[in-house]
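S.K.: Provided below are the primary sequence and the corresponding predicted coordinates.
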Amino acid sequence: MSRHLEREIEKLKKKILALSAVVEESVRLSIRAIAERDTPLAARVVKTDAEIDETEVDVEEECLKILALHQPVAVDLRFLVAVLKINNDLERIGDMAVNIAERAVFLNAQQKIAFPFNLHEMADKAQTMLRRSLDALVNHDAAVAKDVCAADDEVDALYVAMYELVRDGVREQPEHIDSLLNMLSVARALERIADHATNIAEDVIYMIEGEIVRHGVKDFKVPAGPQAGDVAQTTAK
């Protein structure tokens, strides 16, 4: 790797890690806004979304510039392909945090209702998956990334349980239908955050091992030679 390419990649790493930190904080604050019925905090999350969008575009432009100017191969190419995809997932997670914050604004203005489902468990699991997927990215840890992928089924099961409880709640408490549907929307956003965390973990595995693990495809590796660019482009999400 040339020194100039090495500097460009290091700069890109700093940008994607900075975006990761902002997105993770937005998710944490949006959930806190629900738990503590804190509307100003929810508004703060919504306001942060513009910063996330701007950084996402900046990271994408940096990736494309490096690809065009340096034509990297092998490990460097896998890193850039992974960052492009992770960048998109982080932006979508930021959108989900805004979705939760907007639901918080509505719910905080309504009467608090008794509801048997505890969103905290689902929120904790989704946040843990996100944090660990980002840890795997920072530490280049494929084992942690694989653990994140395995945890997605737990969040999916919690969402199904939430859906069934909301369905029953609408029948039993029709006067609270708007609040119940907004709570279901929060659960759906958490489930999507877990899905995007899984995507990040899969891309970390690809970045480290050159192995594509999504959709059950687990035995294809990108060649290490100059032709890697062509293969990576055809296998990108």
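M.R.: Sure thing, it's come through.

S.K.: Every contact and neighbour count from this point should use C-alpha atoms.
M.R.: Will do.

S.K.: just how off-centre is stretch 38-50 within its chain?
M.R.: 18 Å (CA atoms, centre = their mean, to the nearest Å).

S.K.: pLDDT averaged over it, what's the number?
M.R.: Stretch 38-50 carries an average pLDDT of 96.

S.K.: remind me which residues of the chain are low pLDDT?
M.R.: 1, 116, 215-237 (pLDDT under 70).

S.K.: top helix in it by residue count?
M.R.: Using DSSP state H, we find that the single longest helix of the chain is helix 74-108.

S.K.: what angle do the next helix or strand after that helix and helix 74-108 make?
M.R.: Next helix or strand after helix 74-108 toward the C-terminus (DSSP states H and E): helix 119-139. Orientation check (axes from the mean of the first three to the mean of the last three CA atoms, to 10 degrees): helix 119-139 against helix 74-108 gives 160 degrees.

S.K.: Buried residues, helix 119-139. List them.
M.R.: By neighbour count on 16 or more other CA atoms under 10 Å, the buried set for helix 119-139 is 119, 122-123, 125-137.

S.K.: just those now: which is nearest Thr55?
M.R.: Using CA to CA, Leu134 comes nearest to Thr55 of the buried residues of helix 119-139, at 16.8 Å.

S.K.: and the closest one, how far is that from Leu69?
M.R.: 28 Å (CA to CA, to the nearest Å).

S.K.: Any chance you could list what contacts stretch 125-133?
M.R.: Around stretch 125-133, the neighbours that count as contacts under CA atoms under 8 Å, 6 or more residues apart in numbering are 24, 27-28, 144-145, 148, 151-152, 155, 190-191, 193-194, 197-198, 200-201, 204.

S.K.: and it, how far from the chain's centre?
M.R.: 9 Å.

S.K.: Repeat that for stretch 85-101.
M.R.: Per CA atoms, centre = their mean, the centroid offset for stretch 85-101 relative to its chain is 6 Å.

S.K.: who touches that stretch?
M.R.: Contacts of stretch 85-101 (CA under 8 Å, 6+ apart): 16, 19-20, 23, 26-27, 30-31, 33-34, 42-43, 45-46, 49, 52-53, 56, 59-60, 185-186, 189-190, 192-193, 196-197, 199-200, 203, 237.

S.K.: In PyMOL, how would I select the buried members of these?
M.R.: A single PyMOL command is used to select the members of the contacts of stretch 85-101 judged buried by 16+ other CA under 10 Å:
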select buried, resi 16+19+20+23+26+27+30+31+33+34+42+43+45+46+49+52+53+56+59+60+185+186+189+190+192+193+196+197+199+200+203
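
S.K.: in the longest helix of the chain, what counts as buried?
M.R.: Of all the residues in helix 74-108, those buried under the rule 16+ other CA under 10 Å are 74-105, 107-108.

S.K.: so how far is Glu56 from Asp49?
M.R.: 11 Å.

S.K.: how deep is Ala142 tucked in, by neighbour count?
M.R.: Counted with other CA atoms under 10 Å, residues neighbouring Ala142 total 21.

S.K.: Pull the contacting residues for it.
M.R.: Here Ala142 is in contact with 136, 204-205, 208-209 (criterion: CA under 8 Å, 6+ apart).

S.K.: a markdown table for these, including secondary structure and distance to Pro174?
M.R.: Formatted as a markdown table, those follow (DSSP: H, G, I helix; E, B strand; the rest coil; distance: CA to CA, whole Å):
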| residue | secondary structure | distance to Pro174 |
| --- | --- | --- |
| Ala136 | helix | 44 |
| Val204 | helix | 45 |
| Ile205 | helix | 46 |
| Ile208 | helix | 51 |
| Glu209 | helix | 52 |
